[in-house]
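Quick one: sequence and predicted model below, then my questions.
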Amino acid sequence: MIFATILLGLTPSFLMVAIGGLVRNRLSPEAWQGLDRLNFEVLFPALLFFAACGRPIAPIELLRIGPVVWAIMLLALGLGYLTRRFGPDRFLDFVGAWQTSWRFNTAVAFVAIPILDPALLGQMAIAVGMAVPVANILAVTALSRGGSLSFVATLKKVLGNPFLIASVAGVAVGISGYKIPAPLLAPAEMLAKAAIPIALLSIGATMNWRALTRLDHFNGTLCLVRLVLVPAVVFILCLALPQSGQHSAVFILFAALPTASAAHVLASGFGADRRLVATLIAQSTLLAAVTLPLWILATKLVFLN
């Protein structure tokens, strides 16, 4: 039942990626790059802001959840870097792929959390809201350095990144408890709804479909880090350390999520290898259809009984 529910939830995303592959030649490469730029500058920032500001955030929950999800991402970052010797020669291309080890798919998180426990929806929203800014700081910093920018130029890239600005602004609104009037928030909601479909289409259009079914050493190891090693370490630590069952469940699910389509948007924006990142995203998402239900089942049995 869990497998069927997760697969059903992921099916629309799989189909959007497939449609992108089918219509690849209907647009020029320049047009696809333009869509990526639109997503990077406008659509995904709107999505991040809308997701973060739409739910009130209790300050005490920030202290309980924030440091743990940051530690999970740093763990994934460290394990992911071990794949450097298997990766592309150009460091920028490696960084574009490396970020997939710590980035996470928000849409899948909110598909999977009700299956685990509907009462955990609010805690997952806080985890995502706290994680997005840090994930983007790590990714933008690494990609900027991969592009051989100076420290000052890197700092400007980090602080001016639309993903970071939108995430911080959304979390700030959530903490304040202020509810933005619906007419003012409506444009952000409309833009947010377009972000994921366009990103999925672009992934399908730029993905190397022949590589999808044959994981090489580099791609396979990154997917192993993202989907197996990181959640396994978090699962063991949750068993060993004092933690509520609900918090443990949120942390394990967060650690087990496939990588995010935003990784493709960022890689494209910084000039890294778009095809490699798009293929990694597709592979991670497909493999998560197997691994994620297993982690949900194990979490239910151990922490939520």
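Noted; the coordinates are in hand.

What are the contacting residues of the helix or strand harbouring residue 13?
Using DSSP states H and E, residue 13 sits in helix 2-22. Defining contact as C-beta atoms under 8 Å, 6 or more residues apart in numbering, one finds that helix 2-22 is touched by 107-108, 111-112, 115, 196-197, 200-205, 207, 209, 282, 285-286, 288-289, 292-293, 296-297. Yep, even glycine has a C-beta here, placed from its N, CA and C like the rest.

State the next helix or strand along the chain beyond it.
Sequence order places helix 29-38 as the next helix or strand after helix 2-22, per DSSP H and E.

before we move on, the earlier item: for the helix holding residue 13, list the C-alpha coordinates in PDB.
Taking C-alpha atoms only, helix 2-22 is exported to PDB below (Å, rounded to 0.1, in the frame of the first residue of the first chain):
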ATOM      1  CA  ILE A   2       2.800   2.400   0.900                       C
ATOM      2  CA  PHE A   3       4.700   1.600  -2.400                       C
ATOM      3  CA  ALA A   4       1.500   2.200  -4.400                       C
ATOM      4  CA  THR A   5       0.700   5.500  -2.700                       C
ATOM      5  CA  ILE A   6       4.200   6.900  -3.200                       C
ATOM      6  CA  LEU A   7       4.400   5.800  -6.800                       C
ATOM      7  CA  LEU A   8       1.000   7.300  -7.400                       C
ATOM      8  CA  GLY A   9       2.200  10.600  -5.900                       C
ATOM      9  CA  LEU A  10       5.300  10.600  -8.100                       C
ATOM     10  CA  THR A  11       3.600   9.600 -11.300                       C
ATOM     11  CA  PRO A  12       2.700  13.200 -12.400                       C
ATOM     12  CA  SER A  13       6.300  14.300 -12.000                       C
ATOM     13  CA  PHE A  14       7.500  11.300 -14.000                       C
ATOM     14  CA  LEU A  15       5.100  12.100 -16.700                       C
ATOM     15  CA  MET A  16       6.100  15.800 -16.900                       C
ATOM     16  CA  VAL A  17       9.700  14.800 -17.300                       C
ATOM     17  CA  ALA A  18       8.700  12.400 -20.100                       C
ATOM     18  CA  ILE A  19       6.700  15.100 -21.800                       C
ATOM     19  CA  GLY A  20       9.800  17.300 -21.700                       C
ATOM     20  CA  GLY A  21      11.800  14.600 -23.500                       C
ATOM     21  CA  LEU A  22       9.100  14.300 -26.100                       C
END
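
Show me what counts as buried in that helix.
Neighbour-count burial for helix 2-22, counted by 16 or more other C-beta atoms under 10 Å, picks out 6, 9-10, 13-14, 16-17, 20-21.

Show the contacting residues for the closest residue to residue 79 other than its chain neighbours.
In this structure, residue 79 finds its nearest non-sequential neighbour in residue 225, 4.6 Å apart by C-beta to C-beta, 6 or more residues apart in numbering. Residues in contact with residue 225, defined by C-beta under 8 Å, 6+ apart, are 76, 79-80, 82-83, 101.

got the contact list for residue 44?
By C-beta under 8 Å, 6+ apart, residue 44 lies in contact with 162-163, 166, 195, 199, 262, 265.

Could you say which helix or strand holds it?
Assigned by DSSP H and E, residue 44 falls in helix 44-53.

Now for residue 265: which residues touch it?
36, 39-40, 44, 199.

buried subset of the contacts of residue 225?
76, 79-80, 83, 101.
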